[in-house]
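# this is the structure alone, sequence omitted:
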């Protein structure tokens, strides 16, 4: 598909990093302001979705390869589970906020809330990678009307 | 404010009817998006910015996904009515649900007053009073989501993980067995 507009492609180059940074902010400051891991992750993934729509699959995969996104998805989920299990190991309660119990930060500062910030980061990673993978999988799904030989393109085609 | 809410609800109902009525799939998808924006504004009016942010962000991404799929698959319109028998069944179910809703909503407390205030030591009161002290999180929503009720969030994360896993498995080109026959089980990329 080479009929992309030059303006859209150039502007997306400038906007995508800003969306990315905003996603990190929303996920990181979830315990201080409205937001959190889930919306932060969705905003993060939308930066990549913008790149995918404006500049195509190749440019997107240069920034976030498919295999890396799959690993990030798994790492995010495991990290969240590990935070829960650490609570179990340290204090004997599943999902105990062990960081806050031993190192209570000053309220309203970035380093407060104990396990809430790491958990937000884990969920943000997970959601961002998941949504990117879904978008990528669906962008590969295309029924072409003129070629009857291979009607449905799938993930491995470039 | 209640007038604004009623206006938003009417707008959402109208958009929902448009989504059902129109033949063009793209218009239907955009109308569903309008319902989502209405929900987000309603959350904002009710003082839930966390929900409003999540709703609008998910709505935008879901809308892009749906439009991409609608255009990509090449199906532009979808028309026709279901059979009269199914239509009658749907009408009966709708009326039944409406009756249940009227019956259950009249039992709710006054608009704007929390249900849990009737109970002593209700969790909602404890969360609000001791949330900052016990979790250190200034945002009470996060203190509930990721501390008091983190177990629910773990379940939600698992649901997303499983759903994406399933979608990726379904959209693969070849099964694992075929690929091993082809090129010795080489992974993609």
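Yes, it's here. Just so you know, these numbers come straight off a predicted model, no measurement behind them.
# next one: residue 67, what pLDDT does it get?
Answering for chain A, as no chain was given. According to the model's per-residue confidence, residue A:67 sits at a pLDDT of 89.
# my bad, the chain I had in mind was chain B
Predicted confidence (pLDDT) for residue B:67: 84.
# and residue 52, what element?
You didn't pick a chain, so chain A it is. Taking DSSP states H and E as the criterion, the element that holds residue A:52 is helix A:37-63.
# can you look at chain B instead?
Under the criterion of DSSP H and E, residue B:52 resides in helix B:49-73.
# who's in contact with that helix?
A:26, A:34-36, A:38-39, A:42-43, A:45-46, A:49, A:53, A:131, A:134-135, A:138-139, A:141-143, B:25-26, B:29-30, B:32-33, B:36-37, B:39-41, B:43-44, B:76, B:139, B:141 (CB atoms under 8 Å, 6 or more residues apart in numbering or on different chains). Heads up, the C-betas are built off the backbone N, CA and C, glycines and all.
# if we use 6 Å, what do you get?
When contacts are taken as CB atoms under 6 Å, 6 or more residues apart in numbering or on different chains, the neighbours of helix B:49-73 outside the stretch itself are A:34-35, A:38-39, A:42-43, A:46, A:135, A:138, A:142-143, B:25-26, B:29, B:33, B:36, B:39-40, B:43-44, B:141.
# narrow those residues to those that are buried.
The neighbour count (16 or more other CB atoms under 10 Å in any protein chain shown) marks A:34-35, A:38-39, A:42-43, A:46, A:135, A:138, A:142, B:25, B:29, B:33, B:36, B:39-40, B:43-44, B:141 as buried among these.
# residues of chain A that sit close to chain B?
By CB under 6 Å from any CB of the partner chain, the residues of chain A that approach chain B are A:30-32, A:34-36, A:38-39, A:42-43, A:46, A:66-67, A:77, A:80, A:95, A:97, A:100, A:104-105, A:107-108, A:112-114, A:116, A:119, A:130, A:133-135, A:137-138, A:142-143, A:145, A:154-156.
# among the residues you listed, name the buried ones.
Among the residues of chain A next to chain B, those classed as buried by 16+ other CB under 10 Å are A:30-32, A:34-36, A:38-39, A:42-43, A:46, A:66, A:77, A:80, A:95, A:97, A:100, A:104-105, A:112-114, A:116, A:119, A:130, A:133-135, A:137-138, A:142, A:155.
# among these, which ones are in helices?
Using DSSP state H, A:38-39, A:42-43, A:46, A:66, A:77, A:80, A:100, A:116, A:119, A:130, A:133-135, A:137-138 are the members of these that sit in helices.
# please name the nearest non-neighbouring residue to the residue nearest the centre of chain B.
The centre of chain B sits closest to residue B:55, judged by CA atoms, centre = their mean, with a distance of 7.6 Å. Of all residues beyond its chain neighbours, the one nearest residue B:55 is residue B:40 (4.2 Å), with distances taken as CB to CB, 6 or more residues apart in numbering or on different chains.
# now tell me what touches the one helix or strand that neighbour maps to from outside.
When elements are defined using DSSP H and E, residue B:40 is found to belong to helix B:25-45. By CB under 6 Å, 6+ apart, the list of residues contacting helix B:25-45 from outside reads B:4-5, B:8, B:11-12, B:15-16, B:18-19, B:22, B:51-52, B:55-56, B:59, B:63, B:66-67, B:70, B:78.
# repeat that for stretch A:76-83.
Applying CB under 6 Å, 6+ apart, the external contacts of stretch A:76-83 come out as A:115, A:118-119, A:122, A:125-126, B:157, B:161.
# distance to residue B:106 for those residues - can I get that in a markdown table?
Rendered in a markdown table, the data for those read as follows (distance: CB to CB, whole Å):
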| residue | distance to residue B:106 |
| --- | --- |
| A:115 | 42 |
| A:118 | 45 |
| A:119 | 39 |
| A:122 | 43 |
| A:125 | 45 |
| A:126 | 41 |
| B:157 | 37 |
| B:161 | 40 |
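# Throw these into JSON lines and include pLDDT, thanks.
Formatted as JSON lines, those follow (pLDDT from 0 to 100):
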{"residue": "A:115", "pLDDT": "87"}
{"residue": "A:118", "pLDDT": "92"}
{"residue": "A:119", "pLDDT": "92"}
{"residue": "A:122", "pLDDT": "94"}
{"residue": "A:125", "pLDDT": "94"}
{"residue": "A:126", "pLDDT": "94"}
{"residue": "B:157", "pLDDT": "90"}
{"residue": "B:161", "pLDDT": "90"}
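# among those, give me the pair with the biggest separation.
Maximum pairwise distance among the contacts of stretch A:76-83 (CB to CB): 19.5 Å, between A:115 and B:161.
# and the two? Which one has more around it.
Neighbours were counted for residue A:115 and for residue B:161 using other CB atoms under 10 Å in any protein chain shown; residue A:115 has more, 27 against 20.
# output the below-cut-off pLDDT ranges for chain B.
Confidence mapping of chain B against pLDDT under 70 gives the ranges B:72, B:115-118, B:173-189.
# let's go with 80 and repeat that
Under the criterion pLDDT under 80, the flagged ranges of chain B are B:1, B:69-82, B:109-122, B:124, B:171-189.
# now chain A
Per-residue confidence of chain A (counting by pLDDT under 80) places the weak regions at A:1-4, A:105, A:138-158.
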